[in-house]
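*Asks:* Okay, here's the prediction I keep looking at, along with the sequence it came from:
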Amino acid sequence: MLRIIGNHVSPYARKVFLALDHKGVEYEIDPIVPFFGDDEFTRLNPLRRIPVLIDGDLVIPDSTVICEYLDDRYPEKPLYPADPAQRARARWLEEFADSRLGDVMIWKLFFQRNVKPRVWKQETDEEQVAAVVTRDLPEIMDWLEPQAPAAGFVFDDLSMIDLTFASFFRNAALAGWTSDAARWPRIAAWIDHIWATPLFARSVMLEQIMLTTRGADQRAALEAAGLKVADSSVRGDMPRRGPMSV
């Protein structure tokens, strides 16, 4: 059985879980927070980030590579377009989300407002957050607005692009920021459409288990919600920064 190291609070891990659930592929989860990985986690991913996929002897520690692998291995209900031009556009948009949204929505916003005070017991850099809200996010949104679909999905059917952007926007919402529907109506309608799907709604339920359940009880709570939780874990006792952490 496939094993995924990670949890639904991470947008990178969430998009992998969404891909697996969409395709109906069975998997087990080791629901660690990346900063709490042990030495074995470092061996599996020297960047100490989630998600990590383990499929027999194969180890893949990158969300986009994982999703492309899943689409190749389980071609039913594809999540990338078949047309070469559309497929190239999909890869570019996913890269934009992973890199630019990751930098702004995750490291400069979600990390500052959620991770830094809760994990590292440090104060939020409010100047950085203000710059994100007043400058960085509006620049991103202005570029993204014409890229968003007028209705429904980016392509003909649900794709990794829909799931990826919805995942990043969810973390921005957890950090207290949501898009202005009057200023960016296409984006707002698009993200709301994805969030309203049963697939995404279930991931939010699992995210809330991770956020509201104490660590010792999380595994049992996830199992009660229908997840297969791995018998062993690469979770460590103390948080440790990785080489790419800020």
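*Replies:* Good, I have the coordinates.
*Asks:* Give me the residues contacting the lowest-mean-pLDDT helix or strand in the chain.
*Replies:* Across the helices and strands of the chain, mean confidence by mean pLDDT, DSSP states H and E is lowest for helix 116-119: a mean of 92. With contact meaning Cβ atoms under 8 Å, 6 or more residues apart in numbering, helix 116-119 is reached by 33, 35, 122-125, 239. Using the backbone N, CA and C atoms, a C-beta is placed for each residue, glycine as well.
*Asks:* before we move on, what about stretch 81-89?
*Replies:* 80, 90, 155-156, 159.
*Asks:* ok, those residues vs residue 144, which is closest?
*Replies:* Residue 144 has its nearest neighbour among the contacts of stretch 81-89 in residue 90, at 14.6 Å by Cβ to Cβ.
*Asks:* what about the helix or strand that contains that closest one, distance to the chain center?
*Replies:* In the assignment (DSSP states H and E), residue 90 maps to helix 84-96. Centroid separation between helix 84-96 and its chain, computed with Cα atoms, centre = their mean, to the nearest Å, is 18 Å.
*Asks:* ok, the closest residue to residue 125 other than its chain neighbours - how many residues close by?
*Replies:* The spatial neighbour of residue 125 that comes closest, neighbours along the chain excluded (Cβ to Cβ, 6 or more residues apart in numbering), is residue 112 at 5.5 Å. Look at residue 112: counted by other Cβ atoms under 10 Å, it has 22 neighbours.
*Asks:* what does residue 44 give?
*Replies:* Residue 44: 17 neighbours (other Cβ under 10 Å).
*Asks:* Thought residue 5 was touching it, still the case?
*Replies:* Yes - between residue 44 and residue 5 there is a contact under Cβ atoms under 8 Å: 7.1 Å.
*Asks:* Give me the common contacts of those two.
*Replies:* 52, 54, 234.
*Asks:* and residue 191, what does it touch?
*Replies:* 165-166, 169, 179.
*Asks:* ok, now residue 150?
*Replies:* Residue 150 touches residue 186, counting by Cβ under 8 Å, 6+ apart.
*Asks:* And it, how far from residue 116?
*Replies:* 38 Å (Cβ to Cβ, to the nearest Å).
*Asks:* go on, residue 131?
*Replies:* 16 Å.
*Asks:* same question, residue 76
*Replies:* Distance from residue 76 to residue 116, by Cβ to Cβ: 41 Å.
*Asks:* if you count what's nearby, which of these two comes out ahead?
*Replies:* residue 116 (16 against 9).
*Asks:* give me phi/psi at the closest residue to residue 172 other than its chain neighbours?
*Replies:* Nearest in space to residue 172, with sequence neighbours left out and distances taken as Cβ to Cβ, 6+ apart, is residue 105 at 4.6 Å. Main-chain dihedrals, residue 105, degrees, to the nearest 10: phi -70, psi -30.
*Asks:* can you offset everything so residue one is 577?
*Replies:* New numbering, starting at 577: the last item is residue 681.
*Asks:* if we can go back for a sec, can I get the buried part of the contacts of stretch 657-665 as one PyMOL selection?
*Replies:* Typed into PyMOL, the line below selects the buried ones among the contacts of stretch 657-665, using 16 or more other Cβ atoms under 10 Å:
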select buried, resi 656+666+731+735
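*Asks:* Which of the contacts of stretch 657-665 sits closest to residue 711?
*Replies:* residue 666 (27.9 Å).
*Asks:* Tell me which residues touch that closest one, please.
*Replies:* 656-657, 730-731, 735-737.
*Asks:* Out of the residues you listed, name the ones that lie in helices.
*Replies:* 736-737 (DSSP state H).
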